[in-house]
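[1] sequence and computational prediction follow.
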Amino acid sequence: MSERISREELVRIYNVEITFFDSLEEAGLLTIETENEIKYLPYDDLSTFEKYINWHYDLEVNLAGLEVISHLLNKIEKLQVRNLH
């Protein structure tokens, strides 16, 4: 079992709405593990979650914008990896 943190604890610690977390999951922006009907975020994905929080709450980027930014950054990363080989 990987190290992880529950959705409820995340929204309490980061002071965000649970609907924000659920929206990220529904959009496929977070990979969630579910056990006994409790949703968990792997610790490895915490930095990604924090980025989304900053973009959404500090920069006021909506969910559609988060999806676009994420998609473009993933595309750039793949191109960089491909160009290194």
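    In hand now; what should we look at? Numbering: from 1, shown residues only.
[2] now the helices for this structure?
    For the chain, the helices defined by DSSP state H cover 7-14, 18-26, 46-53, 63-84.
[3] how about these, which one is nearest Glu37?
    Ranking the helices of the chain by proximity to Glu37 (CB to CB) places helix 7-14 first, at 10.9 Å. C-beta here means a position set from N, CA and C on the backbone, and glycine is covered the same way.
[4] residues making contact with the closest one?
    The contact list for helix 7-14 (CB atoms under 8 Å, 6 or more residues apart in numbering) reads 16-18, 20-21, 32, 38-41, 49-50, 53.
[5] low-confidence ranges, this structure, go.
    Scanning the chain for pLDDT under 70 picks out 1.
[6] swap in 90 and give it another go.
    1-2, 84-85 (pLDDT under 90).
[7] biggest strand in it by residues?
    In the chain, with assignment by DSSP state E, the single longest strand is strand 38-42.
[8] number of residues surrounding Tyr57?
    14 (other CB atoms under 10 Å).
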